[in-house]
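In: Test case, fold it:
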Amino acid sequence: MRIGVISDTHGLLRPEAIEALTGVEHILHAGDVGGIEILDRLRAIAPVTAIRGNVDGFGPCSELPEIEVVEMGGFSFYMLHDLQTLDLDPIAAGMAGVIYGHSHQPKIEEHNGVLYFNPGSAGPKRFSLPVSLGFLEIADGKATATLNELL
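Out: Numbers count the residues shown, from 1 in each chain. Model (predicted):
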């Protein structure tokens, strides 16, 4: 199972992101969508699970949940926008991973068997950070994350 993970689009869905996500089975958007039309365009590729980020305080995106638990390929993933607001122990909650955004800094880490995955920002380029998204691959009883730099 291949899952696209994207965050911090801030109203910009680049053609490179659409191309990279083509063929995934599901898309997770970790907040700061920036406009419901972004989710509509992503839904044309695959089913989407999205959460609200700090810039999604008005319009249809303000109705997105702040957190979400998704089950993919036998694994549970906890989605939130800002890792600093994590309000549970992922191990005790049985989470295989935590998917987040906000910092625009792509990162894949593992702590005590829990995957922490920030795909970075796929929207407007900020500072010297890359424009990126990521993928979760679930196969052979394992969930692995990879990053894909777009620019």
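In: Give me the distance between the two termini of stretch 52-67.
Out: Terminal residues of stretch 52-67 are spaced 8 Å apart (CA to CA, to the nearest Å).
In: Repeat that for stretch 126-139.
Out: Start-to-end, stretch 126-139 (CA to CA) is 34 Å.
In: can you pull the buried residues of that stretch?
Out: Residues of stretch 126-139 classed as buried: 130-136, 138 (neighbour count, 16 or more other CB atoms under 10 Å). Using the backbone N, CA and C atoms, a C-beta is placed for each residue, glycine as well.
In: ok, of those, which one's closest to T146?
Out: The closest of these to T146 turns out to be F135 (CB to CB; 5.1 Å).
In: okay, the residue lying closest to that closest one once chain neighbours are set aside: pLDDT?
Out: Closest residue to F135 apart from its sequence neighbours, by CB to CB, 6 or more residues apart in numbering: T146 at 5.1 Å. As predicted, T146 sits at a pLDDT of 98.
In: can you tell me how far T146 sits from L133?
Out: 10 Å (CB to CB, to the nearest Å).
In: got it, and R52?
Out: R52 is 19 Å from L133, by CB to CB.
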